[in-house]
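Trainee: could you look at this predicted model? Sequence included:
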Amino acid sequence: MTETQAAERIQELTRLINHYNFQYYQNALSEISDYEFDMLLEELMKLETEFPNLQAINSPTRRVGGTITKTFPTVYHTYPMLSLGNTYSEEELREFDNRVRKVLEGDFEYVCELKFDGVALSLTYENGELVRGVTRGDGTRGDDITANVRTIKNIPLHLQGKDFPEKMEVRGEVFIPFSVFDHLNKEREDIGEALLANPRNAASGTLKMQDSAVVAKRKLSCYVYSLLGEKLGFETHSETLEALKKWGFDVSQTYRKCNTIEEVLAYINEWESKRFELPIGTDGIVVKVNNFAQQEELGYTAKSPRWAIAYKYKAMNAATPLLGIKYQVGRTGAVTPVALLKPVQLAGTTVKRASLHNANEILRLDIHEGDTVFVEKGGEIIPKITGVDVSKRVPGSMAVAYIDHCPACGSELIRAEGEANFYCPNEDGCPPQIKGKLEHFISRKAMNIESLGEGKIELLFDRGLVRTPDMFYELTFEKLLGLEKVFEDEETGKTRKVSFREKTVENMLNAIEKSKEIPFDRVLFALGIRFVGNTVAQKLAAHFRNIDNLKQASLEELVSVPEIGDRIAFSVQHYFSKPEHLEMIEKLRAQGLQLELPEKAETGPTSDKLAPNTFVISGVFEQFSRDELQDLITRNGGKIVSSISKKLSYLVAGDKMGPSKLEKANSLGVKIISEQEFLKMIE
Ligand code: IVH
């Protein structure tokens, strides 16, 4: 394919992908299958790899991320990002309406919108292209997080239509849907990481991550709610919302024009309970005067506009007696307190338990034995305790004292400085930790030994057959056949029998054998090192290539990997400092597990021997693949370009190279070298 043909195809693919994306995210229409969509994206990625200078800054391939930002540059907002005045009652809202009516003569209209509980974001577009995404910061200046913003699927990188202003700023709210948030917290709990308090914190933390590929996986979303710029030609806010939608932005269709404060109140009432049906958090509504000229007339205070106000809903909560606190020990030894409550109805469900997050939370809430507590339910699955009804406190009751010994094995708990969680340090001897680690080892994202599901680990552990992961690989048909155990569910009292029949055992052994093919990064994740989730495991594996390099890595080396901070680095070093872990790893090696990534081009030293030369690679080579050659060139300071020109320094020619390329290079006087000659250059 020539460069011109590639450029044409890239343009067509970009158009198609943008179109399907728009239909999917803005109109909820799937015009093609996921597979077909992925194929288009893959074709585009391939072409862009082959012709790197043809990758547009807003190519849809940027959505998958991959840009590392060490520190985000600070930028000043063209228009300050103000906040809104808050009201909590009908009375206060009527006062707002009176103030507005006093200033404006004649008719006016409000627009009511939901107040999305996320993080404010400013987006700048020039000639229909997204050029910048900036956080609110202190309202005057924020962080430039453009690479991360490009991964948010419902933010257009390129606008639809033609009638958009040459330069404009769009503002909106970035959020994480509840389902994604719950999933994220489950993963964090699994690796011993403190839980995120709410989806807003999760969204805000994600936006500031260094690796945009990780951001892409977090499934952030954005609703936009305002348009700013010079001479935009719109008279009302609602017109801008419609225009924004037409250009491809996601504008929540929950807004409504209201002519009177009564209509505003009706909107508020309507959404008070309906908002819980939404997949995202909302904490109130925003009332805005619709007409821009009237907005100007009303003006601003130092902090907020006089033409808008927020009405905050009171959270849905209930009061109920605390029956006790259960301390759960996770596989990493982290102890999580869970409040056991007298069952109470809340937002349509019966609540019996609530998360207390950690010891600090118990102190902060100052919970006493037998207290009546307030439980609140947002959209998240787990309700939380928000306070204590002190008026109902039993006189003389004692403050809840956090346990100081492990409820499972009796070891004294420890807490590292600056950490919220207490830990049981008996990592290789505490039953819930051992079982938790084994469950984790076989889980789908780790070794995927599916047929070893619930109850089976318990049975294997009880019979002393498996205590460490290497022992899975020593199981035999004879050892397993006929084993049985009856389980009783703590809450329901129901019993369930697990028994190893012939077929079960066969499936188990097959799955165990098959797990020996699982790649190194997943084995690393499966080991269950604290704070090493699957993304971190991938990063470590890609950087260190095998377990021996990782085992020997210094702290400096570990923290030089993007997203790896001191905490993870210490935890990795701690893991490998234990002789029993090293011993187990040797057993896993002997049993044939993958403890290294497959060889790629030797990741030898880097140099600048080839700088500032440019290279085109063409044809098939003897010793290296094209990717490997490209890698060698860039690692030695050379630059890969896609087309032959007079300025090109070298054409590296392999077998089966097209004659037209050769001819072009010859006619332009470009140096043509063989694979061997090239290798000499970097010797
Ligand atoms: S309009 C002058 N509309 O609430 C501020 N804000 O307290 C104009 N927010 O920073 C903001 N949903 O992050 C507006 N429909 C909505 C909103 C909304 C959420 C957030 C936004 C803003 C904060 C103001």
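Mentor: Looks like it came in fine.

Trainee: ok, the spatially most central residue of the chain - contacts?
Mentor: When the chain is reduced to its mean C-alpha position, the nearest residue by CA atoms, centre = their mean turns out to be residue 218, at 2.5 Å. Residues counted as contacts of residue 218 (CB atoms under 8 Å, 6 or more residues apart in numbering) are 176, 180, 184, 202, 206. Just so you know, the C-beta spots here come from the backbone N, C-alpha and C atoms, and that holds for glycine as well.

Trainee: chain center to stretch 508-515, what's the gap?
Mentor: Here stretch 508-515 is found 31 Å from its chain centre; the criterion is CA atoms, centre = their mean, to the nearest Å.

Trainee: do the same with stretch 45-59
Mentor: Relative to its parent chain, stretch 45-59 has a centroid offset of 25 Å by CA atoms, centre = their mean.

Trainee: do the same with stretch 209-228
Mentor: 10 Å.

Trainee: one more: stretch 51-65?
Mentor: Relative to its chain's centre, stretch 51-65 lies at 21 Å (CA atoms, centre = their mean).

Trainee: also stretch 176-185?
Mentor: That offset, for stretch 176-185, works out to 9 Å (CA atoms, centre = their mean).

Trainee: likewise for stretch 569-578?
Mentor: A distance of 25 Å separates the centroid of the chain from that of stretch 569-578, by CA atoms, centre = their mean.

Trainee: next one: stretch 444-459
Mentor: Chain-centre distance of stretch 444-459: 26 Å, with CA atoms, centre = their mean.

Trainee: related to what we said a few turns ago, need the contacts of residue 218 in JSON lines with distance to residue 276 and secondary structure, can you?
Mentor: Listed next are the contacts of residue 218 as JSON lines, based on distance: CB to CB, whole Å; DSSP: H, G, I helix; E, B strand; the rest coil:
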{"residue": "176", "distance to residue 276": "17", "secondary structure": "coil"}
{"residue": "180", "distance to residue 276": "17", "secondary structure": "helix"}
{"residue": "184", "distance to residue 276": "20", "secondary structure": "helix"}
{"residue": "202", "distance to residue 276": "19", "secondary structure": "helix"}
{"residue": "206", "distance to residue 276": "24", "secondary structure": "helix"}
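
Trainee: can you say which of these are buried?
Mentor: Listed as buried from the contacts of residue 218 are 176, 180, 184, 202, 206; burial here means 16 or more other CB atoms under 10 Å.

Trainee: for the stretch 551-683 of the chain, what are the low-confidence residue spans?
Mentor: Counting by pLDDT under 70, the stretch 551-683 of the chain shows low-confidence ranges at 600-605.

Trainee: tell me how many other residues crowd the residue of it found nearest the ligand.
Mentor: Per CB to the nearest ligand atom, residue 563 is where the stretch 551-683 of the chain lies closest to the ligand, at 26.7 Å. Residue 563: 17 surrounding residues under other CB atoms under 10 Å.

Trainee: doesn't residue 208 make contact with it?
Mentor: No - with contact defined as CB atoms under 8 Å, residue 563 does not count as touching residue 208 (11.7 Å).

Trainee: near the ligand, which residues of the stretch 401-550 of the chain?
Mentor: Applying CB under 6 Å from any ligand atom, one finds that the stretch 401-550 of the chain does not approach the ligand at all.

Trainee: residue ranges for the strands of the stretch 401-550 of the chain, please.
Mentor: For the stretch 401-550 of the chain, the strands defined by DSSP state E, counting those that start in this stretch cover 422-423, 484-488, 495-499.

Trainee: JSON lines please, covering those strands and showing mean neighbour count and mean pLDDT.
Mentor: Below are those laid out as JSON lines (neighbours: other CB atoms under 10 Å; pLDDT from 0 to 100):
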{"stretch": "strand 422-423", "mean neighbour count": "22", "mean pLDDT": "91"}
{"stretch": "strand 484-488", "mean neighbour count": "12", "mean pLDDT": "84"}
{"stretch": "strand 495-499", "mean neighbour count": "12", "mean pLDDT": "84"}
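
Trainee: and those strands as TSV, adding distance to residue 343?
Mentor: Listed next are the strands of the stretch 401-550 of the chain as TSV, based on distance: least, CB to CB, whole Å:
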stretch	distance to residue 343
strand 422-423	28
strand 484-488	21
strand 495-499	23
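
Trainee: packing partners of the helix or strand residue 633 falls within?
Mentor: Residue 633 is part of helix 626-635, with elements assigned from DSSP states H and E. In terms of contacts (3 or more CB pairs under 8 Å, 6 or more residues apart in numbering; DSSP states H and E), helix 626-635 is packed against strand 614-618, strand 639-640.

Trainee: okay, these, which one's buried deepest?
Mentor: Ranked by mean neighbour count, the helices and strands packed on helix 626-635 are led by strand 614-618 with a mean of 20 (mean count of other CB atoms under 10 Å).
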